[in-house]
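Trainee: sequence first, predicted coordinates after that:
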There are 2 protein chains.
Amino acid sequence: MTSTTSPLVFLEAIHQEIQQTEYGQQPAELYDPIGYIMNLGGKRMRPLLTVMAAYLFGDDWRKALKPAVAVEVFHNFTLMHDDIMDQAPLRRGQPTVHEKWNHNIAILSGDVMLVNAYQLLLDVETPYLKKVLNHFSRTAAEVCEGQQLDMNFETRWDVSEDEYMEMIKLKTSVLLGFALELGAIIAGADDEASTLLREGGINIGLGFQLKDDLLDVYGDPVKFGKQVGGDIIANKKTFLLIKALQLAQGELKTELTGWLRATEFDKQEKVRAVTAIYDQLGIRQLTEERINSYFTQGFTNFGQVSVNPDRKAVLTDFTEQLIGRES
Amino acid sequence: MTSTTSPLVFLEAIHQEIQQTEYGQQPAELYDPIGYIMNLGGKRMRPLLTVMAAYLFGDDWRKALKPAVAVEVFHNFTLMHDDIMDQAPLRRGQPTVHEKWNHNIAILSGDVMLVNAYQLLLDVETPYLKKVLNHFSRTAAEVCEGQQLDMNFETRWDVSEDEYMEMIKLKTSVLLGFALELGAIIAGADDEASTLLREGGINIGLGFQLKDDLLDVYGDPVKFGKQVGGDIIANKKTFLLIKALQLAQGELKTELTGWLRATEFDKQEKVRAVTAIYDQLGIRQLTEERINSYFTQGFTNFGQVSVNPDRKAVLTDFTEQLIGRES
């Protein structure tokens, strides 16, 4: 691997491409929020995956830059609209668009971002265009389905493990899978390779989301960044809670549902008590096993892609770093 | 013209195509509102224009059906989101989606409709696909710009005639222009013809919108369907009001701004008084002249398209009917 092909070089090129992207000018109320949310930062994980997937199949990874930014714009569109639906006041420590401007502007700016994402994808060369737009559109619809399921689950107490896994797959994993598949397709990869990368991305994404659920309870408070136990306090239906509701019997079940029904409680006490129930049920180990199983499956998918091992190492090393994170 | 090519045949085929279109299944909360709004009815003016434009250039107008429905789906997406922003309780006499379901569902169903519109456009044959998606995306962004300008105008009293014309062009006319251009492109028309049809559509659209403004004040209460004077009661910045504010001097100006500032008033008295001011300023004639000028320009554009006169008559007859309407 030469110095021109490290993830840092890819990241720098992605940042430049994002800065150069023109979303539109007037009226400012419509376009300013796009620049604002795109500049709130983030790890740029999705565009990085697209560029790294393209690099697997050749040196011309720069032609993946505009499509990679399309995925990032789409992702930020979903954040802008999700934040309205979730009534979130902050995004990456800054006011959300509907707070800084208003609801209507957040709806309409988000709409035009979705159009912008398609516009950026039109940079894809003609032979690949229809396939890319087909897969992107299916993915975009699935992300909406995942968000709807997530909202539906808020008022349900009988969410099954399978339903939960389907929801996180749609809401977050399919876009990681598409990001990889996109880079592969536009670099000329065959169907087998692009499908393996998509499936690998989905599996890594599922492990990733379960790890998020795990860290919320068992993360190091110093490294985690967010308040440990936040999901427990909010009764959020995570993999851990769904598993616990499934496994708890007798007194333990009564205690757990008691905490879920409680309207007035000491937050720290609830976090300690529910964590203790999780401990008794072996939820931590069970979740870790499941996470490892998804990660292993993801790396197996990546392993089956027939490309130069040095090029593949850029992707797998980056993925290892991502999944090793504790925040 | 044979019986297989009348607007009624086109309309029947469009209705069938809309009924056959699959937007998605699960979760139902996401997809049911799409079927609901698509079945509220409407004149299907945009898909009809697409199909009629395709028919100008050949008999295979059926290949324009899916793209035509894409335009109708996009139009209904804008209605679903605009109704949230305008807090509208009713659409075609039925509860709006955000009223029947809720705001979040209306946001998310609208998002997936925009994706659906792109999916339907992917039916366009490969040689025309990039151009169609480029023009559609530009049009879609312009429609969002128009809606933002319309919202901005609500709190401004210094909207100029040019600004108003630009707003209605973006909000409503460019989509009529695109509907025509789309049909022409996929039927293999050259750039000159498709551009003339787009420009014709935009001009007809501008005349159409001004006629809407005019009918709200001077329409026949029996034929109009809505309450005559509704725009006056609501201080809506129509072409008539902007023109009146521009032309009124002295006492007439004082009287007009007095009515605009009034917070308590008899509705019928306000409508009578403001209409009388319009009469004194010759606003009706001035607006009619402007409408006719746009219609004439639109028909001139259509006239310059070199196609079989019998085929063109289907489009121009339909357009004549549309612009002759009084509701």
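Mentor: Nice, thanks for sending it over.
Trainee: A:D279 and chain B, how far apart?
Mentor: 34 Å (Cβ to the nearest Cβ, to the nearest Å). From N, CA and C alone the C-beta is placed, and that goes for glycine too.
Trainee: and the most centrally placed residue in chain A, what does it touch?
Mentor: When Cα atoms, centre = their mean is applied to chain A, the residue found nearest the centroid is A:T172 (4.1 Å). Residues counted as contacts of A:T172 (Cβ atoms under 8 Å, 6 or more residues apart in numbering or on different chains) are A:146, A:205, A:208-209.
Trainee: which of the residues you listed sit farthest apart?
Mentor: Spatially, the most separated pair among the contacts of A:T172 is A:G146 and A:F208, at 14.3 Å (Cβ to Cβ).
Trainee: which regions of chain A sit below the pLDDT cut-off?
Mentor: Residue ranges of chain A with pLDDT under 70: A:1-4, A:224-225, A:325-327.
Trainee: around chain B, pick out the residues from it.
Mentor: A:24, A:26-27, A:29-30, A:81, A:84-85, A:104-105, A:107-108, A:110-112, A:114-116, A:118-119, A:122, A:126, A:129-130, A:133-134, A:137, A:140-141, A:144-145, A:147-149, A:151-152 (Cβ under 8 Å from any Cβ of the partner chain).
Trainee: do that again at 7 Å, thanks
Mentor: A:24, A:27, A:29-30, A:81, A:84-85, A:104, A:107-108, A:111-112, A:114-115, A:118-119, A:122, A:126, A:129-130, A:133-134, A:137, A:140-141, A:144-145, A:147-149, A:151-152 (Cβ under 7 Å from any Cβ of the partner chain).
Trainee: which members of those are positioned in helices?
Mentor: The helices, defined by DSSP state H, take in A:29-30, A:81, A:84-85, A:104, A:107-108, A:111-112, A:114-115, A:118-119, A:126, A:129-130, A:133-134, A:137, A:140-141, A:144-145, A:147-149, A:151-152 from the residues of chain A next to chain B.
Trainee: show the buried residues in these.
Mentor: A:29-30, A:81, A:84-85, A:104, A:107-108, A:111-112, A:114-115, A:118-119, A:129-130, A:133, A:137, A:140-141, A:144-145, A:147-149, A:151-152 (16 or more other Cβ atoms under 10 Å in any protein chain shown).
Trainee: number of nearby residues for whichever residue of the stretch 201-327 of chain A sits closest to chain B?
Mentor: Relative to chain B, the nearest point of the stretch 201-327 of chain A is A:K237 (15.5 Å; Cβ to the nearest Cβ). If you count neighbours by other Cβ atoms under 10 Å in any protein chain shown, A:K237 ends up with 20.
Trainee: so what's the residue nearest to A:I105 when sequence neighbours are not counted up against?
Mentor: The shortest distance from A:I105 to any non-neighbouring residue, by Cβ to Cβ, 6 or more residues apart in numbering or on different chains, is to A:E29 (5.5 Å). A:E29 makes contact with A:101, A:105, B:148, B:152, according to Cβ atoms under 7 Å, 6 or more residues apart in numbering or on different chains.
Trainee: now those residues as a markdown table including distance to B:R311?
Mentor: A markdown table is the format used below for the contacts of A:E29 (distance: Cβ to Cβ, whole Å):
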| residue | distance to B:R311 |
| --- | --- |
| A:W101 | 48 |
| A:I105 | 44 |
| B:Q148 | 38 |
| B:N152 | 42 |
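Trainee: from the chain's centroid, how far away is stretch A:242-258?
Mentor: From the chain centre to the centre of stretch A:242-258 is a distance of 29 Å (Cα atoms, centre = their mean, to the nearest Å).
Trainee: ok, and for that stretch, which residues are buried?
Mentor: A:242-245, A:247-248, A:255-256.
Trainee: helix, strand, or coil at A:T155?
Mentor: Recorded secondary structure, A:T155: coil (DSSP: H, G, I helix; E, B strand; the rest coil).
Trainee: neighbours of it, how many?
Mentor: 6.
Trainee: do the same with A:E12
Mentor: A:E12, neighbours per other Cβ under 10 Å, totals 11.
Trainee: quick one: the strands in chain A?
Mentor: All strands of chain A, identified by DSSP state E, fall at A:90-91, A:94-95.
Trainee: quick check: neighbours of the first one in the sheet, parallel or antiparallel?
Mentor: When sheet partners are counted by DSSP bridges, strand A:90-91 sits next to strand A:94-95 (antiparallel).
Trainee: filter the contacts of A:T172 down to the ones in helices?
Mentor: Among the contacts of A:T172, DSSP H puts A:146, A:205, A:208-209 in helices.
Trainee: got these as a markdown table, with neighbour count columns?
Mentor: Below are the ones in helices among the contacts of A:T172 laid out as a markdown table (neighbours: other Cβ atoms under 10 Å in any protein chain shown):
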| residue | neighbour count |
| --- | --- |
| A:G146 | 23 |
| A:G205 | 24 |
| A:F208 | 23 |
| A:Q209 | 23 |
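Trainee: now, which of those residues sits nearest A:S6?
Mentor: Closest approach to A:S6 among these (Cβ to Cβ): A:F208, at 22.2 Å.
Trainee: ok, that closest one - contacts?
Mentor: Neighbours of A:F208 in contact, by Cβ under 7 Å, 6+ apart: A:I323.
Trainee: same question, A:W101
Mentor: For A:W101, the contacting residues are A:29, A:33, by Cβ under 7 Å, 6+ apart.
Trainee: now do A:M45
Mentor: A:M45 sits next to A:L322 when contact means Cβ under 7 Å, 6+ apart.
Trainee: same thing but at 8 Å, please
Mentor: Neighbouring residues of A:M45 by Cβ under 8 Å, 6+ apart: A:176, A:322.
Trainee: what separation do you get for it and A:T319?
Mentor: Separation of A:M45 from A:T319 (Cβ to Cβ, to the nearest Å) stands at 10 Å.
Trainee: do A:T300 as well
Mentor: Where A:T319 is concerned, A:T300 sits at a distance of 12 Å (Cβ to Cβ).
Trainee: give me the more crowded residue out of the two.
Mentor: A:T319 (22 against 13).
Trainee: correct me, but that one touches A:G201?
Mentor: No: using Cβ atoms under 8 Å as the test, A:T319 is too far from A:G201 to be in contact (9.1 Å).
Trainee: which residues are common contacts for these two?
Mentor: In contact with both A:T319 and A:G201: A:G298, using Cβ under 8 Å, 6+ apart.
Trainee: which stretches in the stretch 151-300 of chain A count as helices?
Mentor: Remark: helices assigned in the stretch 151-300 of chain A by DSSP state H, counting those that start in this stretch are A:161-168, A:174-186, A:191-218, A:221-224, A:230-233, A:239-247, A:250-261, A:267-281, A:283-303.
Trainee: who touches the first one?
Mentor: If you take Cβ under 8 Å, 6+ apart as the criterion, helix A:161-168 is touched by A:146, A:149-150, A:153, A:205-206, A:209-210, A:237, A:239, A:242-243, A:246.
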